[in-house]
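Trainee: Structure for this input, please:
(chains A and B)
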Number of protein chains: 2
Amino acid sequence: MDTTTDRYLTELGQQLRVDSVRASSNAGSGHATSSMSAADLMAVLLARYLRYDFDWPDHPGNDHLIFSKGHASPLLYACYKAAGAITDEELLSFRTLGSRLEGHPTPRLPWVDVATGSLGQGLPVGTGIALAGRRLDEQPYRVWVLCGDSEMAEGSVWEAFEHAGYEGLSNLTALVDVNRLGQRGPTRHGWDLDAYAARAAGFGWHVIEVDGHDVAAIDAAYAEALGVQDRPTVILARTRKGRGVSAVEDREGMHGKPVPDAEEAVAELGGPRDLRVEVERPAAATAPRRAHGTQARLPRYERGDEVATRTAYGRALAALGADRTDVVALDGEVADSTRSEYFAKEHPDRFFECYIAEQEMVATAVGMQARGWTPFVSTFAAFLTRAHDFLRMASISRAGLALAGSHAGVSIGQDGPSQMGLEDLAMFRSLHGSTVLYPCDANQTARLVAEMADAAGIRYLRTTRSDSPVIYAADERFPIGGSKLLRSSPEDVLTVVAAGVTVHEALAAAEELAGEGIRVRVLDLYSVKPVDAAALREAAEATGCLLTVEDHRPEGGLGDAVLDAFTDGQPVPRLLRLGVTSMPGSASGSEQLREAGIDAAAIATAARRYAAARTR
Amino acid sequence: MDTTTDRYLTELGQQLRVDSVRASSNAGSGHATSSMSAADLMAVLLARYLRYDFDWPDHPGNDHLIFSKGHASPLLYACYKAAGAITDEELLSFRTLGSRLEGHPTPRLPWVDVATGSLGQGLPVGTGIALAGRRLDEQPYRVWVLCGDSEMAEGSVWEAFEHAGYEGLSNLTALVDVNRLGQRGPTRHGWDLDAYAARAAGFGWHVIEVDGHDVAAIDAAYAEALGVQDRPTVILARTRKGRGVSAVEDREGMHGKPVPDAEEAVAELGGPRDLRVEVERPAAATAPRRAHGTQARLPRYERGDEVATRTAYGRALAALGADRTDVVALDGEVADSTRSEYFAKEHPDRFFECYIAEQEMVATAVGMQARGWTPFVSTFAAFLTRAHDFLRMASISRAGLALAGSHAGVSIGQDGPSQMGLEDLAMFRSLHGSTVLYPCDANQTARLVAEMADAAGIRYLRTTRSDSPVIYAADERFPIGGSKLLRSSPEDVLTVVAAGVTVHEALAAAEELAGEGIRVRVLDLYSVKPVDAAALREAAEATGCLLTVEDHRPEGGLGDAVLDAFTDGQPVPRLLRLGVTSMPGSASGSEQLREAGIDAAAIATAARRYAAARTR
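Mentor: Residues are numbered from 1 along each chain as shown, chains lettered A, B, ... in the order given. Modelled structure (predicted):
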């Protein structure tokens, strides 16, 4: 068939529908109708506009195609088949155990940048890739994001519109498949394309409305988008869900399931086809030069200096950035608080102000790591909870992402509970493959920043607002998964397990108790995940009791983390736990620690009580 | 002074500035300059438009004033003083230990509906109150929300614009204090009011641009807003941060701190004033009639029936709604999956379709509970993580909120990890004062729905996609904080602690093990928070070992929750833990349980291994 004709495009669209129907029917589940509405959009893109080398997924010049409506995975996989990237046999492995073709796309497939399936995330990630293309990679690749109309209700989509519009990312094109039907019925705006157009134009995007089943019109829309030089383009395509199969087309109740009769549907679509698209390869391109030193000149602090760990974070990050040009930093308009401003000042070309939009900030970072950069993301620990679902999806994306949450805990003082990160350890611990670090002094912080840069997966560093004394030498090492025994004697009645701000309280308590003849061990569990199981077991064996103390809710944090060392069926030590169980108000930092019952006095009281009960 | 003059309004604005300066300077912290920019907006509102009885905060006809920019709390408290609600002495207690005047407003003050301080949340909550005013309370009160310009970057703000615009909430007015300076420097759009106007208009709002220091213009803007009948209004006010004090006015680096010289500043503002505003009281109004039965006719299931707990949730909620007219339901466009559709069909007037905007959905519910309604919120468990920060703030708001997360765990099957709630227990456990419930059968679910309705704080119910056998009688009781011992004998070598889908796996494993002569106890820990400490201790004492098994990440869930019973310094049993440690792909539900190592076979293997080691 003459591949330059519209008829070819139409036939290709039908093939994508047929394969979407076949894959989902074979699996017995999957989103056939959501695939069929967007098939023509994809046919034209694949045949005429996408620049991609399927044999070389890491080609630095490749375009990026993201299915923000990840449930249309049958369509994506049908495209891969049409492009010759997968066989028909693999297509039919859709949704079966062990197949790379999951219900929603993940980077187990080499052509998938990031996992989607939680709606409203693909476009935000796409802005990150487009921004990387502009400001980091400096490559002419384009980013194409297929969105559903239902997901336009997600605020994160509008964070992306704001970000991309402001940055003028003309290398980004959003395709909105307006099929008017969501999962459980009509969307808010149905086929009112003008409603979406008004919103998108308000955010500074170029807007094109098109009949999403008219391949000539789609072709013209793509051509128009390519010609826009100063802003991103959104193509609003009026489509019909289940297009081409009368049993399901534009009907409610047909979401997320195969068509009722696949054979009949395939016949109605004109039967199977075997068109093979020669997707145009990108022009030659070179990977960005990224210098990767091995020994950042980290700032050094003298014992006894008073330095906030957030300050040590910012300074270490700036030093790391000098050593490694792959490191980029993103902040949510609080760089003066998180202290990522040090990095911003030294490396303005690799610093990204994301304003107060935490979801978009994390998504941008996920996009950048997909392009090989090493992002460090910072805001208040409390506000990282805003991006929880994005972090969850980042773990499914197998993304490498470093994050720092400042102003953790009640110790921040007067600002009150809305600004206190008290649930962040629980959130980050529960993420698959995550690393959770919580330093107590400046030298430890600096070292852990360097450790984070080299680690995989999602790495979280928790920092503190107020100054704390430097207690470690600058040359001390702090491997991930380690801990530091700060105080011990053969007479220890228990082990205080602390991290961050409570390390200093624990040391003060130990001192006070020693004066009364009560010896306690102090363990700095700076690596909250993974924990130092050997050290915890040793402390348990030596003292028989662990007293955890944390500036965090008792659930999911340090107190729960120590358990990771004791779930092997072996004896478990006695446990005591101090954490923030009440709702704080405003007060000074030291008053807050006292009110929460996690200061030196509270630790000493708990230890005293335990020691007394023990000797009775 | 003649209170009808513009001069009076100007003077009142200056008084609010003076008191903002005094309060923050006295505290040594606080956001003076962010208060000063919005003082004139508040002066005109207070003197001429707000309808509020400060002596009767629960007056059903009261307007609602929300500071979405909660950091401008000095201004809010200055307003309260001007209205005679608090004394000058209390004003000066700002940010001190024990004061109701916290760094960011919370409902410890009777005039504050909800806590703010995490930006981008006040307007979403305001839409909930405005929607309640329209569709539930049927009262003519108005909702006024003061927003900052920085928070306009938050997607949640645009979810609120979308929701309120679509619902045509003309009883809602947003005041945006465009002072052009964020925390660390200029905002994205500075004083480009047109940028905000284009966005807001795109979402269907009436837009007014105004000089935020021209009291006559502000007055005219409010009057115009009152006249708009079919849509919400946003007043975009061009203001100067720190207005009136030359040392700080429109200067960078002056965010979040007192003015450098308070005395000088007060003098420049014309000295202290003691104007007392007579805020107009609302017209007589009656509280909505809410019938509150005590015995909902819950659906009953026969033992052996196969019913999904999500179905039992939806049916129980519908029954509850018949008994209690205070119960309302909200869903994120997945009511057919969460089964809140049963409620929607029976009580359409109290069902709110929130589309795919989980933050706005939770915020709307928070707004409704502030008006005395009892909201039940549902979506997939996985997608509730999207609203984590809103849930965190809801706990600070002391909000009463019931939520149900469906499709929990790997057991959902083929859809893959993006749709699996695997971190939800950790998230909900870490919220202050929360209740976390996880039923395993339909009768248990129905009872727990009723229990949730009567409980306080944030209550979470985790439901399962697939059918499971009914194992409890319909009359069985399941109090919050309880558990059920399903199987026990004097020879039990350990206790399997399960909940939800793993209860059935545990029972099957126990059966299998019994055939081999290995007895294990099975405890259904349906109340994950609070846990049944007595039952866990008894099981520990009897068997010496707890084997937890959960369809959730090992961190922060059931395995950690059992520890809540053992942190009192008493002996702790041995512990074994099964949870989802790998990254799932697509597969059938039973394959997923097997792959994750949380099915009956895995439980049996772990128990066998433990029993063998024990006898060696």
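Trainee: For chain B, give me its nearest residue in the stretch 301-450 of chain A.
Mentor: A:Ser418 (2.7 Å; Cβ to the nearest Cβ). The way it works is simple: take the backbone N, C-alpha and C, and place the C-beta from them, glycine included.
Trainee: Assess the claim that A:Tyr49 and A:Leu226 are in contact.
Mentor: Yes. Look at A:Tyr49 against A:Leu226 with Cβ atoms under 8 Å: they come within range, at 7.4 Å.
Trainee: overlap in contacts of these two?
Mentor: Residues touching both A:Tyr49 and A:Leu226 (Cβ atoms under 8 Å, 6 or more residues apart in numbering or on different chains): none.
Trainee: Counting neighbours, what do you get for the nearest residue to the residue of the stretch 301-450 of chain A closest to chain B once chain neighbours are set aside?
Mentor: Among residues not flanking A:Ser418 along the chain, B:Gly117 sits closest, at 2.7 Å (Cβ to Cβ, 6 or more residues apart in numbering or on different chains). Using other Cβ atoms under 10 Å in any protein chain shown, B:Gly117 has 26 neighbouring residues.
Trainee: Helix, strand, or coil at B:Gly117?
Mentor: The three-state assignment at B:Gly117 reads coil, by DSSP: H, G, I helix; E, B strand; the rest coil.
Trainee: same thing with A:Trp191?
Mentor: Relying on three-state DSSP, one would call A:Trp191 coil.
Trainee: Okay, it and A:Arg240: tell me how far apart.
Mentor: 9 Å (Cβ to Cβ, to the nearest Å).
Trainee: same question, A:Val496
Mentor: A:Val496 is 65 Å from A:Arg240, by Cβ to Cβ.
Trainee: These two: who's more crowded?
Mentor: Neighbour count, other Cβ under 10 Å: between A:Val496 and A:Arg240, A:Val496 has more, with 33 against 20.
Trainee: can you pull up the bridge partners for the more buried one?
Mentor: A:Val522, A:Leu547 (DSSP bridges).
Trainee: quick one: average pLDDT of stretch A:435-447?
Mentor: If you average the pLDDT over stretch A:435-447, you get 98.
Trainee: Neighbour count for A:Tyr49 and A:Leu226, which is higher?
Mentor: Set A:Tyr49 next to A:Leu226 and count neighbours by other Cβ under 10 Å: A:Tyr49 wins out with 19 against 14.
Trainee: for chain A, what helix or strand is lowest in average pLDDT?
Mentor: helix A:600-615 (a mean of 95; mean pLDDT, DSSP states H and E).
Trainee: helices or strands next to that helix in the packing?
Mentor: strand A:494-498, helix A:501-515, strand A:545-549, strand A:574-578 (3 or more Cβ pairs under 8 Å, 6 or more residues apart in numbering or on different chains; DSSP states H and E).
Trainee: now, of these, which is deepest in the fold?
Mentor: Stretch with highest mean neighbour count among the helices and strands packed on helix A:600-615: strand A:494-498 (a mean of 30; mean count of other Cβ atoms under 10 Å in any protein chain shown).
Trainee: what's that one in contact with?
Mentor: Strand A:494-498 is contacted by residues A:440, A:505-506, A:509-510, A:520-525, A:536, A:539-540, A:542-550, A:558, A:562, A:574, A:576, A:603, A:607, A:610-611 when judged by Cβ under 8 Å, 6+ apart.
Trainee: repeat for stretch A:439-447
Mentor: A:298-301, A:305, A:307-309, A:311-313, A:315-316, A:319, A:448, A:461-463, A:468-474, A:476-478, A:498-501, A:503-504, A:524, A:526.
Trainee: Just these: which are in helices?
Mentor: Per DSSP state H, helices hold the following members of the contacts of stretch A:439-447: A:309, A:311-313, A:315-316, A:319, A:448, A:501, A:503-504.
Trainee: For the residue in the stretch 201-350 of chain A that chain B sits nearest to, which non-adjacent residue is spatially closest?
Mentor: Proximity of the stretch 201-350 of chain A to chain B (Cβ to the nearest Cβ) peaks at A:Gly202, 3.2 Å away. With sequence-adjacent residues excluded and distances taken as Cβ to Cβ, 6+ apart, A:Gly202 is closest to B:Gly202, at 3.2 Å.
Trainee: so A:Thr464 touches A:Gly405, yeah?
Mentor: No. Assessed by Cβ under 8 Å, A:Thr464 is found out of contact with A:Gly405, at 10.3 Å.
Trainee: which of these two has more neighbours?
Mentor: Per other Cβ under 10 Å, whichever of A:Thr464 and A:Gly405 has more neighbours is A:Thr464, with 30 against 27.
Trainee: I'd like to know how far that one sits from A:Gly500.
Mentor: 6 Å.
Trainee: quick one: common contacting residues for these two?
Mentor: By Cβ under 8 Å, 6+ apart, A:Thr464 and A:Gly500 have these common neighbours: A:309, A:408-409.
Trainee: what about the longest helix seen in chain A, near chain B?
Mentor: Ranked by residue count under DSSP H, the longest helix found in chain A is helix A:6-27. Yes. Contact of helix A:6-27 with chain B (Cβ under 8 Å from any Cβ of the partner chain) involves A:Ala27.
Trainee: who touches A:Arg135 in this structure?
Mentor: Contacts for A:Arg135 (Cβ under 8 Å, 6+ apart) come out as A:349, A:352.
Trainee: A:Leu65: what secondary structure?
Mentor: Counting by three-state DSSP, the backbone at A:Leu65 sits in strand.
Trainee: nearest residue to it other than its sequence neighbours?
Mentor: Excluding the flanking residues, the one nearest A:Leu65 by Cβ to Cβ, 6+ apart is A:Trp144, at 5.0 Å.
Trainee: Residue of the stretch 151-300 of chain A nearest chain B, please.
Mentor: For the stretch 151-300 of chain A, Cβ to the nearest Cβ, closest residue to chain B: A:Gly155, 2.5 Å.
Trainee: Wait, that residue touches B:Glu159, no?
Mentor: Yes. Assessed by Cβ under 8 Å, A:Gly155 is found in contact with B:Glu159 at 4.1 Å.
Trainee: circling back to that earlier point, from the contacts of stretch A:439-447, keep the buried residues only.
Mentor: With burial judged by 16 or more other Cβ atoms under 10 Å in any protein chain shown, the buried subset of these is A:298-299, A:301, A:305, A:307-309, A:311-313, A:315-316, A:319, A:448, A:461-463, A:468, A:470-472, A:478, A:498-501, A:503-504, A:524, A:526.
Trainee: Residue ranges in chain A under the pLDDT threshold?
Mentor: By pLDDT under 70, the low-scoring segments of chain A are A:616.
Trainee: how does it look with 80?
Mentor: Applying pLDDT under 80 to chain A flags the ranges A:292-295, A:615-616.
Trainee: Show me the domain layout of it.
Mentor: Structural domains assigned to chain A are A:6-268, A:306-469, A:484-615, following automatic domain parsing.
Trainee: Okay, the closest residue to chain B within the stretch 1-150 of chain A and B:Arg537: tell me how far apart.
Mentor: In the stretch 1-150 of chain A, no residue comes nearer to chain B than A:Gly117, which is 2.7 Å away by Cβ to the nearest Cβ. Distance from A:Gly117 to B:Arg537, counting by Cβ to Cβ: 41 Å.
Trainee: Please name the nearest non-neighbouring residue to A:Glu302.
Mentor: Nearest non-adjacent residue to A:Glu302, counting by Cβ to Cβ, 6+ apart: A:Val470, 6.4 Å away.
Trainee: pretty sure the one you found contacts A:Gly304?
Mentor: Yes. Taking Cβ under 8 Å as the definition, A:Val470 is a contact partner of A:Gly304 at 6.3 Å.
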